[in-house]
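K.L.:
here's my sequence, what's the structure:
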Amino acid sequence: MNHHIPFFSLERQLSNIKNSLELQINQLLSSNQFVGGPYVDTFEKKFATYTETTHAISCNSGTDALWLSLAALEITPNSIVLTTPFSFIASSSEIAAHKAHPVFIDIDESYNICPKKIETWLKIHAIVRHDRAVHKKTGFPIAGIISVDLFGQCANYNAIKSIANDWNLWIIEDACQAVGAHIDNKKAGTFGDISCFSLYPTKNLGVCGDGGVMTTNSTQLAEKLFKLRNHGRATHYNYECQGRNSRLDAIQALIATEKLKYLDDYNDRRREIAQYYTKRLSKIPFIKTPRETVGHHVYHQYSIQVTNRKTIQEQLLEKKIETNIFYPKTLDQIPFLTPPKELATDCPIAHNTTQNILALPIWPELTDNEIKYVCSCLENSYVVNRNPRPLDTPAIAYTRGKRGCSESGLS
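P.N.:
Got it, this is the predicted structure:
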């Protein structure tokens with residue numbers, strides 16, 4: 001194969017919907033409604049319907065969605081929020097932005113926060129005073145949990161919600177990478193008091209710029225979020241709280257509405273590619289393939305673990321195959337997120353994972369031949385390297401959605 005395989009590309013996807021988008025964008029330009037208005041209203045209604053939630057509130061980005069959610073839940077300085085160390089920075093930086101403390105709980109084999117370790121930490125370090133969880137040593141209130149649906153797989157919300165109920169904690173679901181994922185047909189976006197999504201271009205539902213959405217079934221929280229995203233404004237020049245300017249542009253709402261029509265097909269193709277990757281790559285001793293342990297995974301990323309990662313990356317790049325590393329360090333290693341010593345935790349699984357993790361191309365427009373070429377190159381790497389330190393290769397179980405790509409040549 002002579003042409004290179006980029007880690008991610010939108011060229012093919014946008015070419016498929018270009019004509020429809022251009023027509024609608026021209027209509028939008030004629031309308032002169034660029035901020036808010038009917039295009040944003042339409043997207044919010046359709047997204048709420050898709051996620052099976054009561055309210056969808058759009059905003060400027062997934063990062064802003066997290067900041068706004070914390071504000072709506074009235075987090076206070078020095079509050080503690082339990083979260084994962086293995087994620088994009090925003091799941092913790094927005095806690096710090098509110099002058100609160102992220103406390104990092106290690107992950108499990110799903111790459112998501114481990115409920116058993118949440119429960120263990122609370123039993124050791126927390127007490128309940130006046131129906132509120134409090135940290136024993138510092139007296140800081142423990143406000144809630146930000147769980148991340150990493151790489152497209154939902155966290156274990158049955159266990160997490162049980163713990164949150166026992167300790168009177170709220171949950172923010174960071175579903176920025178998991179739109180369309182579900183557990184027992186209950187979709188990402190329904191598991192938190194508030195759930196957050198990103199519409200960044202590389203996401204499964206991505207626009208042509210920045211964008212974000214929050215979903216909730218609480219009318220009270222929805223009203224707060226609508227105010228907070230628009231300077232805290234209740235009505236015209238009637239400001240009730242400190243907010244920020246975090247509105248979704250109409251052109252991005254239009255693009256998101258159009259691409260939402262195809263989201264299930266995009267996700268089904270991602271799952272099909274993942275299934276083929278796992279079938280081929282799980283036979284290679286130095287590769288550990290991802291596990292689908294909770295619900296319906298939508299594979300925003302397909303991240304394997306390998307020994308000799310640098311060598312493997314270089315060999316693939318020589319074959320014109322791009323890869324990426326999510327994430328090269330844990331969040332507790334970032335100076336401004338490092339917790340005070342009283343709140344420091346050990347996260348050995350997350351730390352070890354950063355040394356081996358490697359993401360392969362999995363965008364839905366990849367051809368069958370391109371996917372097979374990636375696998376062949378990795379198999380050839382094994383022949384060349386004969387790595388002496390094999391990783392475990394767990395099995396993975398798949399369920400095909402109603403809109404699976406049954407005509408594919410992957411088998």
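
K.L.:
what residues sit buried inside the longest helix seen in the chain?
P.N.:
In the chain, with assignment by DSSP state H, the single longest helix is helix 11-31. By neighbour count with 16 or more other C-beta atoms under 10 Å, helix 11-31 contains the buried residues 13, 21, 24, 25, 28. Yep, even glycine has a C-beta here, placed from its N, CA and C like the rest.

K.L.:
and residue 333, how far is that from residue 105?
P.N.:
According to C-beta to C-beta, to the nearest Å, residue 333 and residue 105 sit 15 Å apart.

K.L.:
what's the answer for residue 8, then?
P.N.:
In terms of C-beta to C-beta, residue 8 sits 30 Å off from residue 105.

K.L.:
more neighbours: which of these two?
P.N.:
More neighbours surround residue 105 than the other of residue 8 and residue 105, with 24 against 15 (other C-beta atoms under 10 Å).

K.L.:
now the helices for the stretch 51-200 of the chain?
P.N.:
Along the stretch 51-200 of the chain, counting by DSSP state H, counting those that start in this stretch, helices occupy 62-72, 90-97, 115-125, 157-167.

K.L.:
among those helices, which is nearest residue 295?
P.N.:
For residue 295, the closest of these is helix 157-167, at 8.8 Å, according to C-beta to C-beta.

K.L.:
look up the closest residue to the residue nearest to the spatial centre of the chain, ignoring the ones flanking it.
P.N.:
What sits nearest the mean C-alpha location of the chain, by C-alpha atoms, centre = their mean, is residue 177, with 2.5 Å. Leaving aside its sequence neighbours, residue 177 sits nearest to residue 300 (C-beta to C-beta, 6 or more residues apart in numbering; 4.0 Å).

K.L.:
for the one you found, helix, strand, or coil?
P.N.:
What DSSP: H, G, I helix; E, B strand; the rest coil gives for residue 300 is coil.

K.L.:
residues in contact with it?
P.N.:
Contacts for residue 300 (C-beta atoms under 8 Å, 6 or more residues apart in numbering) come out as 151, 152, 177, 178, 203, 204, 270.

K.L.:
try it again at 6 Å.
P.N.:
Contact partners of residue 300, counting by C-beta atoms under 6 Å, 6 or more residues apart in numbering, are 151, 152, 177, 204.

K.L.:
between these, which is closest to residue 46?
P.N.:
residue 204 (15.7 Å).

K.L.:
so that closest one: helix, strand or coil?
P.N.:
Residue 204, by the three-state scheme (three-state DSSP), is coil.

K.L.:
that one touches residue 179, doesn't it?
P.N.:
Yes - under the criterion of C-beta atoms under 6 Å, residue 204 makes contact with residue 179 at 5.4 Å.

K.L.:
ok, these two, which is more surrounded?
P.N.:
residue 179 (28 against 23).

K.L.:
just give me the neighbour total for the closest residue to the more buried one other than its chain neighbours.
P.N.:
Ranked by C-beta to C-beta, 6+ apart and with sequence neighbours excluded, the top spatial neighbour of residue 179 is residue 205, at 4.8 Å. Here the count is done by other C-beta under 10 Å, and residue 205 has 23 residues near it.

K.L.:
over to the one 3 residues further on?
P.N.:
A count of nearby residues for residue 208, using other C-beta under 10 Å, gives 18.

K.L.:
now do the contacts for it.
P.N.:
residue 255.

K.L.:
backbone phi and psi for it, please?
P.N.:
Dihedral angles of residue 208 (phi, psi; degrees, to the nearest 10) stand at phi -110, psi 50.

K.L.:
residue 111 versus that one, what's the distance?
P.N.:
Counting by C-beta to C-beta - residue 208 and residue 111 are separated by 29 Å.

K.L.:
quick one, what contacts residue 151?
P.N.:
By C-beta under 6 Å, 6+ apart, the neighbours of residue 151 are 177, 300, 301, 303.

K.L.:
where do the helices sit along the stretch 251-400 of the chain?
P.N.:
Counting by DSSP H, counting those that start in this stretch, the helices of the stretch 251-400 of the chain are 263-281, 309-318, 348-356, 368-385.

K.L.:
save those helices as JSON lines, and put in mean neighbour count and mean pLDDT too.
P.N.:
Listed next are these as JSON lines, based on neighbours: other C-beta atoms under 10 Å; pLDDT from 0 to 100:
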{"stretch": "helix 263-281", "mean neighbour count": "21", "mean pLDDT": "98"}
{"stretch": "helix 309-318", "mean neighbour count": "15", "mean pLDDT": "96"}
{"stretch": "helix 348-356", "mean neighbour count": "16", "mean pLDDT": "98"}
{"stretch": "helix 368-385", "mean neighbour count": "16", "mean pLDDT": "90"}
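
K.L.:
how about the ones you listed in a markdown table, adding distance to residue 250?
P.N.:
Formatted as a markdown table, the helices of the stretch 251-400 of the chain follow (distance: least, C-beta to C-beta, whole Å):
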| stretch | distance to residue 250 |
| --- | --- |
| helix 263-281 | 20 |
| helix 309-318 | 40 |
| helix 348-356 | 39 |
| helix 368-385 | 35 |
